[in-house]
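Colleague: Just to be clear, the model below is a prediction. Sequence and coordinates:
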Amino acid sequence: MSDKKDSKDVQQIKTYRNFGVIAHIDAGKTTFSERILFITGKSHKIGEVHEGAATMDYLEEERKRGITITSAATTCYWREHRMSLIDTPGHVDFTAEVERSLRVLDGAVGVFCAVAGVQPQSETVWRQANRYKVPRVAFVNKMDRTGADFYKAVESMKTRLNANPVPLVMPIGKEKSFRGVIDLIHMKACVWADDDNAREMTVGDIPDELLEEAKKRREVMVEAVAECHDDVLEKFVEGEEVTVPEIMTAIRKGTLDLKITPVFCGSAFKDKGVQNVLDAIVDFLPSPLDVPPIEGFNPENDEKIMRPLLPDQPFAGLVFKSITDPNGDLTFIRIYTGEMKQGEKYYNARTRRFDRVGRLMRMHAAQREPIDIGRAGDIVAAVGIKESITGDTLSTKDHPVIYEAMNFPDTVISMAIEPKSGGDRDKLSEVIGKLVREDPTFKARTDDQTGQMVISGMGELHLEVKCNMIQNDYKIGVIVGRPKVAYKMTLKAPKQVEARHIKQTGGSGQFAVARVKFRPSETGAEDFEFIDSVKGGSVPREYIPAVEAGIESAVKGGGRIGFPYCKIVAELYDGQSHDVDSSAMAFEAAGVLAFRLASEGNSLLLEPIMKIEIEAPEEKTGDVIGDLSSRRGIVEEMISKPGGISAVTGKVPLAEMFQYSTMLRSLTQGRGTYTMEPASYEPVPPNIAEKVLADLSKG
């Protein structure tokens, strides 16, 4: 009986496809997702992004701006396969949404613009997918646009993404004359009826004038995919005919092994080519059973745990997102093993507490579909979870497990915020608490000196969106200060110190001596690193963690100036203790003192440096570069693109880039666009550092 049930479960899970749509802003992700919903019958009307009616962009802010801010999940069906689709943002300020989506998805569709090819944020999301080893297929969109070039876009995937793209189709026509594709696997021409009814596709023989080129491109494709499968490669090398099923098997294996990326093309806005990608998702992207079992560990004994991703295993799921909602806060969970039932309690090993699932549902963007049970392979939303946050693992108390959490970048910009009405202060604190809980890259703190609430995020747009949500969704009027850069500090030079924390006040005193060598990290690692080099017990073993905790709190606290330190290595090599008066508290205080001694007069101010790419008309490039240089920017590369556009890439300090979009518009007559993402922290020039610190001391 059990074997039959297992077999049925396995067969069912094999028909699941959990995938995300990832791309640069404006490549057409949300339009592509809307077409999938329409073609699969999930939507009866297409929601257009430019009309502010996209199903997947359901927040008011998204509809006003025409961009995706939060990742939206939905479920639809194609060829008897259940598809859980997550449409992710393309703007770098909301990169955390992509990060946590890719962490729990089995596959992805990368959407690229046929005119622009690989763009900066395309690189960022591709790297994120590489980090989580997510198999991908690619869709080159906007093939009917002026300047569209399918093969140039494919070439940019090789050069800029270091990917191995393998086109499985050949476009018929380009730009306005783009009317279909040749399926290189089956050697058939797929031609759309007309622009107004592109869902009607005629499959027939390849036109004679394209047959020779199609044969050559098929040969290249077969050679590329044959290398992914030994049996197919053997047939290919020996000159035997490789059958269609063998080609399909090789493509699937190559995709799952991350050796190739199958590439398709079309125009999502005109419904062209989306069905080919739906078929590719079924044929080539993994089911939950095709990815390796996720590795976790037992919090009780640190043993590694790897369980088959099946419903008959003990329950375990990863919380990857939470949303504040008037109808009940939602917690999104990817179920890896076992079953989750509504009304049940599940154990969070981080908090060592239970969370009860009130209601369980599948999401269709903002709409909820109630379900009684979620099984391995499912992505579900739960109402009623209070304690668990993004990155937590829920499991059973008898079989606890913790999966690796997600890493999110540090915030780079902050601003003061306060309510217009004093009576809204508590309400504002509560709302900001909710926003912090649902967005790991949004931070809030109270400034010790001014008592003001300070919010921090990934960019101007990120904070602007949060402030608009506070005012429009929660109806709290707020006053915001000017954005401020999140500076950091590091040490100028190595320094060796002796920190003596000795107090005698009658009764038991406090005695701790720590001798520490400090130095800037040579590897450039952002984190604080502590090295224990104590010999002979001069500092008892039980007090060494206290010294580390003291130094770390001083490093992160930022000392007198208030900017946290980074790239610091601290080596505790000697010290002294007292049998009666020494304590962990005394050694922690010695650690704090040690760093204060090392940093006084030995600190260097660091600022966030952003990687920037600007696209502007060629005749305006000189003005753009001149302006960038005046902002202490460095131009690294300039590339000509179709349509008389130049792409300028380089690095520039964030401090010089506030309100840059307004300046770029005026320089380029409204035709310039840019994207930025954090690159590194670098020393601030001395004259500017003096001004920053002087402004800070004025308060």
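Modeller: Arrived safely, thanks for sending.
Colleague: If Leu318 is in a bridge, with which residues?
Modeller: Arg334, Thr393 (DSSP bridges).
Colleague: Walking through the stretch 151-300 of the chain, point out its helices one by one.
Modeller: 208-226, 230-237, 244-256, 274-284 (DSSP state H, counting those that start in this stretch).
Colleague: With mean neighbour count as extra columns, can I get those in CSV?
Modeller: The way it works is simple: take the backbone N, C-alpha and C, and place the C-beta from them, glycine included. Shown next, in CSV, are these (neighbours: other C-beta atoms under 10 Å):
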stretch, mean neighbour count
helix 208-226, 16
helix 230-237, 15
helix 244-256, 19
helix 274-284, 20
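Colleague: From Asp290, how far out is Leu491?
Modeller: Distance of Leu491 to Asp290, given as C-beta to C-beta, to the nearest Å: 49 Å.
Colleague: and what of Ala416?
Modeller: On the measure of C-beta to C-beta, Ala416 and Asp290 end up 49 Å apart.
Colleague: Likewise for Val431?
Modeller: Counting by C-beta to C-beta - Val431 and Asp290 are separated by 42 Å.
Colleague: which of those two has more neighbours?
Modeller: Val431 (21 against 16; other C-beta atoms under 10 Å).
Colleague: How about the contacts made by that one?
Modeller: Ile470, Tyr474, Ile476 (C-beta atoms under 8 Å, 6 or more residues apart in numbering).
Colleague: ok, now how distant is it from Ala382?
Modeller: Distance from Val431 to Ala382, by C-beta to C-beta: 22 Å.
Colleague: Does Tyr77 belong to a helix, a strand or coil?
Modeller: What DSSP: H, G, I helix; E, B strand; the rest coil gives for Tyr77 is strand.
Colleague: gap between it and Pro262?
Modeller: Counting by C-beta to C-beta - Tyr77 and Pro262 are separated by 22 Å.
Colleague: which of those two has more neighbours?
Modeller: Per other C-beta under 10 Å, whichever of Tyr77 and Pro262 has more neighbours is Pro262, with 27 against 12.
Colleague: Low-confidence stretches in the stretch 301-450 of the chain?
Modeller: Residues of the stretch 301-450 of the chain meeting the criterion pLDDT under 70: 325-328, 365-366, 448-450.
Colleague: can you tell me the distance between the two ends of stretch 259-276?
Modeller: 21 Å (C-alpha to C-alpha, to the nearest Å).
Colleague: Repeat that for stretch 170-187.
Modeller: 10 Å.
Colleague: what's next to it, contact-wise?
Modeller: Contacts for stretch 170-187 (C-beta under 8 Å, 6+ apart): 143-150, 167-169, 188-192, 201, 203, 206-207, 210, 213-214, 217-218, 221, 244, 247-248, 251, 264-267, 272-273, 276.
Colleague: next one: stretch 356-364
Modeller: 42, 55, 72-75, 328, 330, 332, 340-346, 368-374, 378-385.
Colleague: Stretch 452-467 now?
Modeller: Under C-beta under 8 Å, 6+ apart, the answer for stretch 452-467 is 61, 69, 91-96, 409, 411-418, 428-429, 432, 435, 439, 441-447, 478, 480-481, 483, 486, 658, 676, 678.
Colleague: of those, buried ones?
Modeller: 61, 69, 91-96, 411-418, 428, 432, 435, 439, 441-444, 478, 480, 483, 486, 676, 678 (16 or more other C-beta atoms under 10 Å).
Colleague: Show me those that map onto helices.
Modeller: Mapping the buried ones among the contacts of stretch 452-467 onto helices (DSSP state H) picks out Glu61, Thr95, Ala96, Leu428, Ile432, Leu435.
Colleague: For my notes, please list those residues in TSV and give distance to Ala570 for each entry.
Modeller: Output for those, formatted as TSV (distance: C-beta to C-beta, whole Å):
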residue	distance to Ala570
Glu61	43
Thr95	31
Ala96	30
Leu428	38
Ile432	34
Leu435	35
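Colleague: Determine which two of the residues you listed are furthest apart.
Modeller: Thr95 and Leu428 (26.2 Å; C-beta to C-beta).
Colleague: so which of the contacts of Val431 is the most crowded?
Modeller: Ile470 (23 neighbours).
Colleague: can you tell me which of the buried ones among the contacts of stretch 452-467 are in strands?
Modeller: Among the buried ones among the contacts of stretch 452-467, the ones falling in strands (DSSP state E) are Ile413, Ser414, Met415, Ala416, Ile417, Glu418, Lys443, Ala444, Val478, Val480, Met676, Pro678.
Colleague: so Cys566 touches Tyr681, yeah?
Modeller: Yes. Assessed by C-beta atoms under 8 Å, Cys566 is found in contact with Tyr681 at 6.5 Å.
Colleague: related to what we said a few turns ago, filter the contacts of stretch 170-187 down to the ones in strands?
Modeller: Those of the contacts of stretch 170-187 lying in strands (DSSP E): Pro167, Val169, Lys188, Ala189, Cys190, Val191, Trp192, Met201, Val203, Phe264, Cys265.
Colleague: From the residues you listed, list the buried ones, please.
Modeller: For these, buried by 16+ other C-beta under 10 Å: Pro167, Val169, Ala189, Cys190, Val191, Trp192, Met201, Phe264, Cys265.
Colleague: Just the element for Glu636, please.
Modeller: strand 634-641 (DSSP states H and E).
Colleague: Show me what the mean pLDDT comes to for the helix or strand just after that strand.
Modeller: Going down the chain from strand 634-641, the next helix or strand is strand 645-653, by DSSP H and E. Strand 645-653 carries an average pLDDT of 90.
Colleague: then strand 645-653 to PDB, C-alphas only?
Modeller: The C-alpha coordinates for strand 645-653 follow below in PDB (Å, rounded to 0.1, in the frame of the first residue of the first chain):
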ATOM      1  CA  ILE A 645      22.300  54.600 -28.100                       C
ATOM      2  CA  SER A 646      25.500  54.400 -26.000                       C
ATOM      3  CA  ALA A 647      25.900  52.500 -22.800                       C
ATOM      4  CA  VAL A 648      28.400  54.000 -20.300                       C
ATOM      5  CA  THR A 649      29.400  51.800 -17.400                       C
ATOM      6  CA  GLY A 650      31.500  52.800 -14.400                       C
ATOM      7  CA  LYS A 651      31.700  53.500 -10.700                       C
ATOM      8  CA  VAL A 652      30.500  56.500  -8.700                       C
ATOM      9  CA  PRO A 653      30.100  57.400  -5.000                       C
END
